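[1] Got a sequence here, can you model it:
(one chain, ligands or ions: 1)
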Amino acid sequence: MKVAVVGATGMVGEVMLKVLEERNFPISELLLVASERSVGKKLTYKNEEYTVIGLADAVAAQPDIAIFSAGGETSLEWAPKFAEVGTTVIDNSSAWRMDPTKKLVVPEINASALTVEDKIIANPNCSTIQMVLALDPLHKKYQMKRVVVSTYQSVSGTGVKAVQQMENEAAGIEGEMAYPYPINRNALPHCDVFLENGYTKEEMKLAREPQKILDDRSFSVTATAVRIPTAGGHSESVNVEFHNDFDLAEVRQLLSETPGIVVQDNPETNTYPMPVFANGKDDVFVGRLRRDETQPNTLNMWIVADNLRKGAATNAVQIAEYLVENSLVSNTSEAIS
Ligand SMILES: NC(=O)c1ccc[n+]([C@@H]2O[C@H](COP(=O)([O-])OP(=O)(O)OC[C@H]3O[C@@H](n4cnc5c(N)ncnc54)[C@H](OP(=O)(O)O)[C@@H]3O)[C@@H](O)[C@H]2O)c1
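    Coordinates of the predicted model:
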């Protein structure tokens, strides 16, 4: 595959290269793409040095797959240009997620919906991916009615500038601010921009994306998204009300049998998911499984995952792997037919 990584110099881009390398994705030619600011910069992949190129040059090279992690505006403008030359775009921004003509994919759940016609495929929001992966097997078994989620999100979810802000503040250095307030020793109930309904865009992604991924509008999600000074991953407190009653041991069993999920749940040994542990790992960690004692058929759980891995790069590479394995990239299908 001729693969373009758009946003290669960013937080997600860096992890994307690591994940492609670790999983030995079949790359015959690699194009590393970023803004004009970075053109000419050198990056390393599999011990080889690559020069960063601009978007127009990348389109001209007609890659088979382009994995975008360069913000919504870049994606809105450039993803269609790649699609026009036959490239399949996997996009990490929110630009296409709720577009009814685009698939929103968590491979473990709905990769089978992908076809060779899908030229722009959306990767869900990082907080959504980890939550929906845990909700999916439980929804199938007990049928969800309502989800209440509060997030504790890592600064790495905002990008390079935010991590720098936290590090500067911790070191007592004045520098550029990614947030309107200090983040070190703080908690900001403010992820992404505020919308007219008083929720943030991040909260509405958590409310809307699960219904599209699970292809089911029979349940509702309400969210509060909070940024905290961690860097290793996003954490979520999730309260789920089901239509049907559940057995806690069966819930634990269902989750531990779900690919991509690791159950860490033993109060006796202080075992529960944490960002310091999830950092750098591809799995989604679930623990603190408890019945909500205030109402029937309701479960509390705590979900943690590395937002740069399963929340972004790993999920995107898994989509790319599925496309290649199932000959859903135009060039492969041409080669095969
Ligand atoms: N961080 C996460 O956990 C996470 C999770 C899921 C999805 N995402 C999404 O992934 C995207 C990137 O996030 P990030 O955290 O990696 O941000 P970041 O660290 O700020 O990196 C942004 C990347 O986009 C490139 N870029 C910016 N403007 C561009 C333009 N006009 N043309 C070409 N490239 C441009 C940057 O290139 P330069 O270095 O040249 O500026 C850089 O490579 C965003 O859409 C974000 O919503 C992030």
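
[2] and the stretch 51-200 of the chain, which residues reach the ligand?
    Residues of the stretch 51-200 of the chain lying close to the ligand (C-beta under 6 Å from any ligand atom) are 55, 69-72, 74, 92-93, 126, 156-157, 159-160. For the C-beta atoms, the positions are set from N, CA and C on the backbone; glycine is no exception.

[3] Adjacent strands (with direction) for the helix or strand harbouring residue 44?
    According to DSSP states H and E, residue 44 maps onto strand 42-45. Sheet pairing of strand 42-45 (DSSP bridges) gives strand 48-51 (antiparallel).

[4] can you pull the pLDDT of residue 330?
    You'll see residue 330 listed with a pLDDT of 76.

[5] Pull the contacting residues for it.
    Taking C-beta atoms under 8 Å, 6 or more residues apart in numbering, we find residue 330 in contact with 64, 86, 88, 116.

[6] I'd like the residues you listed as TSV, with secondary structure and pLDDT appended.
    Formatted as TSV, these follow (DSSP: H, G, I helix; E, B strand; the rest coil; pLDDT from 0 to 100):
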residue	secondary structure	pLDDT
64	coil	98
86	coil	97
88	strand	98
116	coil	97
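
[7] which residue does the stretch 1-150 of the chain bring closest to the ligand?
    As assessed by C-beta to the nearest ligand atom, the ligand sits closest to residue 10 within the stretch 1-150 of the chain, at 2.1 Å.

[8] so who does that residue touch?
    34, 69, 70, 159, 160.

[9] Please repeat the previous calculation with a cut-off of 10 Å.
    Contact analysis of residue 10 by C-beta atoms under 10 Å, 6 or more residues apart in numbering lists 16, 34, 35, 38, 69, 70, 71, 92, 159, 160, 308.

[10] same deal with residue 208?
    97, 98, 104, 125, 128, 217, 221, 223.

[11] Just give the closest residue to the residue in the stretch 101-250 of the chain that the ligand sits nearest to, not the sequence neighbours.
    Among all residues of the stretch 101-250 of the chain, residue 159 sits closest to the ligand, at 3.0 Å; criterion: C-beta to the nearest ligand atom. Leaving aside its sequence neighbours, residue 159 sits nearest to residue 11 (C-beta to C-beta, 6 or more residues apart in numbering; 5.0 Å).

[12] and the gap between residue 236 and residue 224?
    Shown here: residue 236 relative to residue 224, a distance of 10 Å by C-beta to C-beta, to the nearest Å.

[13] neighbour-wise, which of those two wins?
    residue 236 (24 against 16; other C-beta atoms under 10 Å).

[14] Going along the chain, name the helices of the stretch 51-200 of the chain.
    55-60, 72-84, 107-110, 126-142, 160-171 (DSSP state H, counting those that start in this stretch).

[15] got TSV for the ones you listed, with distance to residue 296, mean neighbour count and mean pLDDT too?
    Formatted as TSV, the helices of the stretch 51-200 of the chain follow (distance: least, C-beta to C-beta, whole Å; neighbours: other C-beta atoms under 10 Å; pLDDT from 0 to 100):
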stretch	distance to residue 296	mean neighbour count	mean pLDDT
helix 55-60	53	16	98
helix 72-84	41	17	98
helix 107-110	27	20	98
helix 126-142	12	24	98
helix 160-171	41	17	97
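
[16] Columns distance to residue 273 on top of those, output as TSV?
    Below are the helices of the stretch 51-200 of the chain laid out as TSV (distance: least, C-beta to C-beta, whole Å):
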stretch	distance to residue 273
helix 55-60	38
helix 72-84	29
helix 107-110	18
helix 126-142	10
helix 160-171	21
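
[17] re earlier: the contacts of residue 330, buried ones only, as a PyMOL selection?
    Selection of the buried residues among the contacts of residue 330 in PyMOL, burial being defined by 16 or more other C-beta atoms under 10 Å:
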select buried, resi 64+88
